[in-house]
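can you look at this prediction? I've put the sequence above it.
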Amino acid sequence: MDPLEAIKVTFFQECEEQLSELESGLLAMEQGETDSETVNAVFRAVHSIKGGAGAFSLEPLVRFAHVFETTLDDVRGGKLAPDNNVVKVMLRAADVLADHVRAARDGGVVEEARSQALAAALEALNGEAPLGGLVSDELDDMPGLEFTPQTVSDDDGFGDDFGFTPLAAGVIALEPEGPALRTWTLRLRPQNALYAKANETGLLLRELKRLGDIQVSIDRSELPGLADLEPEQAYLAWTIALTTDRSRDEIQDIFEFVDGDCDLVISAEDFMAAPLETSDAGLDAPFDVMALIQQAQADVQATAAPAAITEVLAAPAPVSASAPVSGPAPVSGPATGTPVAAVSVPSAPPAPTPMAATAAGVAPDAAHGAAAQQATIRVDLDRVDRLIDLVGELVINQAMLAQRVTESGVPRSSNIAMGLDDLEHLTREIQDSVMAIRAQPVKSVFQRMPRLVREVAAMTGKQVRLVTEGEGTEVDKTVIERLTDPITHMIRNAIDHGLERPEVRVAAGKGPEGTVRLSAAHRSGRIVIEVSDDGKGIDRPRVRQIAIDKGLIEVDSNLSDEDVDNLIFMPGFSTASSVSDISGRGVGMDVVKRSIQGLGGRIAITSRPGQGSTFTLSLPLTLAVLDGMVVSVCDHTLVAPLTAIIESLQPKAQDVRAIGPDAYVIAIRDSYTPLIDVGAMLGYRTTPLDPTKGVALLVEGEGGARAALMVDAIQGQRQVVIKSLEANYRQVEGIAAATILGDGRVALILDVDNVVAARRREKARSDAKLAAAG
Amino acid sequence: MPAASGISVLIVDDQMTMRALVRNGLQQLGFTEFRDAVDGEDALRQLISRPSHLVISDFNMPKLDGLALLRAIRGHPPISKTAFIMLTGRADRELVQRAVQFGVNNYLVKPFTVTILKEKIEAVFGPLT
């Protein structure tokens, strides 16, 4: 791939991260967190998107981001108070910005009127000229990253818009040329962790000695008296003069394994000319990066343009204190060493220290997010999947080994058997940990919902508050991806059908604003997602009537409340008398149910009239393992997904009816369910199994169609590792995947949906044939 | 006339995209030694443990911004002479003026072309070979 194209891919990935930071920052601002950290993070997100977009000449995106950035800059500079109205406009602008990003990525266009309207709304906030001349002029000055020769204004050839004269610098000698001997000064101050990890200074010194001559002096100044001595505490520091012809890297390498567990400064004696100015951070004092940083920040703060500060102070808005531009305020008193411009601001509100600002101003989640981001790496998904595959093999292998050992008659109490138990334990742990790599917080789905709620609320004229809980709950990436549509649909439904209009709510004694709650939690090895609302609940008489009208139930059906509630999951049921553009779209709750089942999940509803409804989804944490019912069919072993099985039973002769050659139905509680002989269907046998000699698994397939699968016997329930059949062989009708059992045999996993659907198609064909014959 | 391949560069930006763009530009100019840092603090720690000839740094970053990074570098003798080019937006005139106070060597307006990048570096080090 063209390197620029590859960078562009990265850019769009980063845009998604920045868009989500933008939104969470704005939501925090909506909750009143308008401290400079939050505002700056929001600004930075838009600024970064604009910067990258400029490099790729994505002009509509740059143009919109620029307007947005300008408004945010005013908030940051204290010129615009981020009140509720302002934040609401910016939230909508964030939605449009996201549309621009996606349009740029996928080659679409954003509806011009909408983009213009929001840009105008943003500009109205900062009272600037409407979108037009200014911005596009500026854009003409922003070429993409190509070899287009740039005309320059002055003789020396450097665009000098800022009245700037570049400061020349030589290439400083960082390393000696050639293998000349030089003397390096190393200052080593181990931390407790170095010793805790069983490293030892003596060994490091011995390694250093192999590089050349060393002179070592020890600094015992921190060593306390015996009474105060903490044995696990590191007190000593060393200064080492090393004369060697080796490079800095080679010296550095010695400390490779203690990197991060000690303070280490390596400097060459002839390395630098005299210091520009004095600094406490010289090499003699123990070196403290944080002190250097705080000093630098204080210095920068001290030179901040006084105008900006006055403006911040003058602003009546709750623009919290301090920061003109650059983050945390000084912590170490008045700045030294640099001219303190007219910043005598004694009346300034107490500036928070960086720590305090973090603690007070940033929601724990955001702080956690920042930390998590620090410690992440990007890994190609293929690599993770390969690892998961291998661990799957390992699990199978371990199970085979265990079975063989058992079969060979080794007693349970023997060392071998006990060792195998440990192995099993470890294997499971590895499996869980590897699965966890694919796990992601449901946040990525949840964070799309505020926008949806805003849009649907605006369309329906309802007032809605969205509450999300458990965003950090982790679940397999694929599950997350396939959750977006069902959750979107359920939230739409909750607002459109569940919540009442404000006046109706008030009349019912509720607040005008309805609440939709979206939560995720882990419960007994599954993830449970709930969507609930405090609206009117399911209108049971109406649901019942609709079901009767649509011929889904009989007029005289005797249904419990729960049964009525569950009617909404039936295919062909839709409560909307006309297809509204919100919940409608031709899909109903049956589609939601089907997609949840496709993920091996279940969905349930509870509803109380006048108080609201709750939809509960329960999903497996991963798609790589499956809870299965292991069954025998004609000496073959098959696995049926446990989630599809409603019950298993032994058919009695009087319940089975023949309805044609080789076609049977079975009576299960008043209704007839087709019997499917799995052995015959897969071609294992030609004469059908006598139903009374086998076991029937009552299963529910796509769209709620039921069938009874005839198998010879049930072996038991087991968790199995799913192996793709398509990847290893080819797709087989009626089979979803394969697995390898403890005894090494391959077992096929039944595709229940497919089996049930195939049977219906076959029936339709034979019905047609009968009709033609008749 | 320094050789591009003899100049080691530390690229500082919280955005991976921007780091990649700068690196891509530098590669086209014959530079071979790069390191990345994701914010000012990361950059400072890296420089202290191993110096670079040139720092190309964004301004607005979490933790330690570009201006404070510049200040910290200039205030720490072992690395105080590191050449420093600041990445800025077109509208950041005031910022560049402040950076001048702290001894910035040059600035680079985003988005930039490879030609501009070369000019900006050559203004600091002299013509590259």
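Structure received.

what comes up buried for the top strand by length along chain A?
In chain A, assigned by DSSP state E, the strand with the most residues is strand A:513-523. Under the neighbour-count criterion of 16 or more other C-beta atoms under 10 Å in any protein chain shown, strand A:513-523 has A:514, A:515, A:516, A:517, A:518, A:519, A:520 buried. Yep, even glycine has a C-beta here, placed from its N, CA and C like the rest.

following that strand, which helix or strand shows up next?
Next along the chain after strand A:513-523, taking DSSP states H and E as the criterion, comes strand A:526-533.

quick one: work out the angle between that next one and strand A:513-523.
170 degrees (axes from the mean of the first three to the mean of the last three C-alpha atoms, to 10 degrees).

average pLDDT for strand A:526-533?
Averaged across strand A:526-533, pLDDT comes to 89.

ranges for the strands of the stretch 551-700 of chain A?
Remark: strands assigned in the stretch 551-700 of chain A by DSSP state E, counting those that start in this stretch are A:602-608, A:612-620, A:625-633, A:636-641, A:645-649, A:656-660, A:663-668, A:671-677, A:695-700.

quick one: low-confidence residue ranges for chain B.
In the predicted model, chain B carries pLDDT under 70 at residues B:1, B:90-91.

and the spatially most central residue of it, what does it touch?
Centroid-nearest residue in chain B: residue B:56, 1.1 Å away (criterion: C-alpha atoms, centre = their mean). Neighbouring residues of residue B:56 by C-beta atoms under 8 Å, 6 or more residues apart in numbering or on different chains: B:9, B:10, B:11, B:12, B:22, B:85, B:87, B:108.

the longest strand of chain A vs strand A:612-620, what angle?
Going by the same axes, to 10 degrees, strand A:513-523 makes 30 degrees with strand A:612-620.

give me the residues contacting strand A:513-523.
A:442, A:446, A:449, A:453, A:462-471, A:473, A:475, A:487, A:491, A:494-495, A:498-500, A:502, A:505, A:527-535, A:618, A:621.

narrow those to those in helices?
When the contacts of strand A:513-523 are checked against helices (DSSP state H), the matches are A:446, A:449, A:453, A:487, A:491, A:502, A:505.

OK, contacts around the closest residue to residue A:716 other than its chain neighbours?
Of all residues not flanking residue A:716 in the chain, residue A:630 sits nearest, at 5.6 Å (C-beta to C-beta, 6 or more residues apart in numbering or on different chains). Shown in contact with residue A:630 (C-beta under 8 Å, 6+ apart): A:637, A:638, A:639, A:714, A:715, A:716, A:717, A:718, A:720, A:741, A:747.

please convert the residues you listed to TSV, extending it with pLDDT, secondary structure and neighbour count.
Output for the contacts of residue A:630, formatted as TSV (pLDDT from 0 to 100; DSSP: H, G, I helix; E, B strand; the rest coil; neighbours: other C-beta atoms under 10 Å in any protein chain shown):
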residue	pLDDT	secondary structure	neighbour count
A:637	91	strand	16
A:638	92	strand	25
A:639	92	strand	25
A:714	90	strand	15
A:715	87	strand	16
A:716	83	strand	8
A:717	81	strand	13
A:718	78	strand	17
A:720	81	strand	25
A:741	79	coil	18
A:747	89	strand	22
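
ok, so of these, who is nearest residue A:64?
residue A:720 (50.5 Å; C-beta to C-beta).

isn't the closest one right up against residue A:638?
No: if you go by C-beta atoms under 8 Å, residue A:720 and residue A:638 don't touch, sitting 11.0 Å apart.

give me the common contacts of the two.
A:630, A:747, A:749.

could you say which helix or strand contains residue B:84?
With DSSP H and E as the test, residue B:84 turns up in strand B:83-88.

SS state for the residue nearest to the centre of chain B?
strand (DSSP: H, G, I helix; E, B strand; the rest coil).

if it is in a bridge, with which residues?
With DSSP bridges applied, residue B:56 shows beta-bridge pairing to residue B:11, residue B:85.

again, but for residue A:464
residue A:514.

count of residues packed around it?
20 (other C-beta atoms under 10 Å in any protein chain shown).

before we move on, back to that, roughly how far apart are the residue nearest to the centre of chain B and residue B:82?
11 Å (C-beta to C-beta, to the nearest Å).

what does residue A:43 give?
Relative to residue B:82, and taking C-beta to C-beta, residue A:43 is found at 28 Å.

what of residue B:30?
Counting by C-beta to C-beta, the gap from residue B:30 to residue B:82 is 20 Å.

look at these two and report which has more neighbours.
More crowded of residue B:30 and residue B:82, by other C-beta under 10 Å: residue B:82, with 22 against 14.
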